[in-house]
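> structure for this input, please:
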Amino acid sequence: ADYQAWIDSGGELPFPGGESRAQFAKRCVDAFDALLARALPGDWAVVAHGGTIMAIMSRIDGGDFYDYQIDNGECLTFRIML
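Got it, this is the predicted structure:
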């Protein structure tokens, strides 16, 4: 029943025994912001799961969480001017 409620919410409710999408997104964005704060000039890469990418990109570029779904092994490249 808890899992079905999570599915029915479109993933917005806390996952049974876990965190809500908003909590997950905040954790991802906070970690990414911490990386940016320590970033040295030049090229660098972050390897992450799709949900993490979706959370970070929807914060950086706007749009919906699901606008940034990518396929397994797909690469997303963007430039941030520090």
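> pLDDT averaged over the lengthiest helix in the chain - what is it?
Of all segments of type helix in the chain, defined using DSSP state H, the longest is helix 21-38. For helix 21-38, mean pLDDT is 93.
> could you point out which element follows it?
helix 50-61 (DSSP states H and E).
> any low-confidence regions in this structure?
82 (pLDDT under 70).
> secondary structure class for Ile80?
When classified by DSSP: H, G, I helix; E, B strand; the rest coil, Ile80 comes out as coil.
> re the thing from before, can you list the buried residues in the longest helix of the chain?
Going by neighbour count (16 or more other CB atoms under 10 Å), the buried part of helix 21-38 is Arg21, Phe24, Ala25, Cys28, Val29, Phe32. Placement of C-beta: from N, CA and C, glycine included.
> what residues does it touch?
Helix 21-38 has contacts (CB atoms under 8 Å, 6 or more residues apart in numbering) with 11-12, 14, 19, 46, 51-52, 55-56, 58-59, 65, 80, 82.
> max pairwise distance over those: which two?
Pro14 and Leu82 (34.1 Å; CB to CB).
> which one of these two is surrounded by more residues?
Per other CB atoms under 10 Å, whichever of Pro14 and Leu82 has more neighbours is Pro14, with 16 against 7.
> so who does Glu74 touch?
Listed by CB under 8 Å, 6+ apart, Glu74 has no contact partners.
> could you say which helix or strand holds it?
Taking DSSP H and E as the definition, Glu74 sits outside all helices and strands.
> measure Met81 to Met54 for me?
Separation of Met81 from Met54 (CB to CB, to the nearest Å) stands at 22 Å.
> which of the two has more neighbours?
Met54 (23 against 3).
> OK, contacts around the more buried one?
Counting by CB under 8 Å, 6+ apart, Met54 has contacts Phe65, Tyr66, Asp67, Tyr68, Gln69.
> excluding covalently adjacent residues, which one is nearest to the fourth one?
Taking CB to CB, 6 or more residues apart in numbering, and ignoring the residues beside it in sequence, Tyr68 has Met57 as its nearest neighbour in space, at 4.1 Å.
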